[in-house]
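Enquirer: pasted the sequence and its predicted model underneath.
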Amino acid sequence: MSTPPLAGAGMPPGAFSGTQAQAAREVNTASLCRIGQETVQDIVFRTMEIFQLLRNMQLPNGVTYHTATYQDRLGKLQEHLRQLSILFRKLRLVYDKCNENCAGLDPVPIEQLIPYVEEDGSKHDDRGAASQLRFATEERREIMEVNKKLKLKNQQLKQIMDQLRNLIWDINAMLAMRN
């Protein structure tokens, strides 16, 4: 690990702090987006804490409760709301800075951002699509035929099961009559 150079080690006293300030001013858009994401996560966390505090607070339904506890919870709630307000202001600043950085960029259609391989022959694509369509329709027709055959077989099996059920019913009735 390297340590930052000390003032007086071959550099004037204000040189290092000046480069840090310049680096802080030259924040790129990706860093701003990361900062914005972290800010949104902080906002969500603070909001969850606020809801937790509100859930634990008792409603003013006439029941007396300790004033110190109430004041403590109210103070925590106000502090969270103040921090939430600060986080929203920070998010607004990050948003404005990102828009400012991206203002000079030309909008690029999304289709141009997706790389794809272009084939040389367009006839080949048409033939390929036609053969795929033909294959799909044949496959669909075969599936429909198989479904018809399955329905017919299911009907036949149902008739056989009904006949067997009636036969067993008759046999049981005869056995019951014999006893």
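Expert: Yep, it's here.

Enquirer: distance check, R89 against T39.
Expert: Distance check for R89 against T39: by C-beta to C-beta, to the nearest Å, it reads 10 Å. Yep, even glycine has a C-beta here, placed from its N, CA and C like the rest.

Enquirer: correction: D106
Expert: The gap separating D106 from T39 is 28 Å, by C-beta to C-beta.

Enquirer: how is this structure divided into domains?
Expert: By the assignment in the TED database, the chain contains the domains 26-104, 138-178.

Enquirer: so for the first one, mean pLDDT?
Expert: This means domain 26-104. Domain 26-104 comes out with an average pLDDT of 86.

Enquirer: what's the answer for the last one, then?
Expert: Per-region confidence: domain 138-178 scores 94 on mean pLDDT.

Enquirer: quick one on the thing from earlier: more neighbours: R89 and T39, which one.
Expert: Under the criterion of other C-beta atoms under 10 Å, the comparison of R89 against T39 puts T39 first, with 20 against 11.

Enquirer: how about the contacts made by the more buried one?
Expert: For T39, the contacting residues are L87, K90, L91, V94, by C-beta atoms under 8 Å, 6 or more residues apart in numbering.

Enquirer: give me that answer again for 6 Å
Expert: L87, K90, L91 (C-beta atoms under 6 Å, 6 or more residues apart in numbering).

Enquirer: give me the spatial nearest neighbour of the last one, chain neighbours excluded.
Expert: Right, L91. Spatial nearest neighbour of L91, excluding adjacent residues (C-beta to C-beta, 6 or more residues apart in numbering): T39 at 4.7 Å.

Enquirer: what sits against the residue of the chain positioned farthest from its centre?
Expert: Centroid-distance maximum for the chain: R178 at 71.7 Å, with C-alpha atoms, centre = their mean. Listed by C-beta under 6 Å, 6+ apart, R178 has no contact partners.

Enquirer: any idea how far N166 is from it?
Expert: Distance of R178 to N166, given as C-beta to C-beta: 19 Å.

Enquirer: how many residues are close by R134?
Expert: Neighbour number of R134 under other C-beta under 10 Å is 10.

Enquirer: what helix or strand is it located in?
Expert: Element membership of R134, judged by DSSP states H and E, is helix 122-178.

Enquirer: distance of M174 from M161?
Expert: Separation of M174 from M161 (C-beta to C-beta) stands at 21 Å.

Enquirer: restricted to helices, list the contacts of T39.
Expert: L87, K90, L91 (DSSP state H).

Enquirer: for these, pick the one with the most neighbours.
Expert: Highest neighbour count within these: L87, with 20 neighbours (other C-beta under 10 Å).

Enquirer: how near is that residue to L150?
Expert: Remark: distance between L87 and L150 (C-beta to C-beta) = 62 Å.

Enquirer: burial count for V94?
Expert: The burial count assigned to V94 is 21, neighbours taken as other C-beta under 10 Å.

Enquirer: cool, thanks, talk later.
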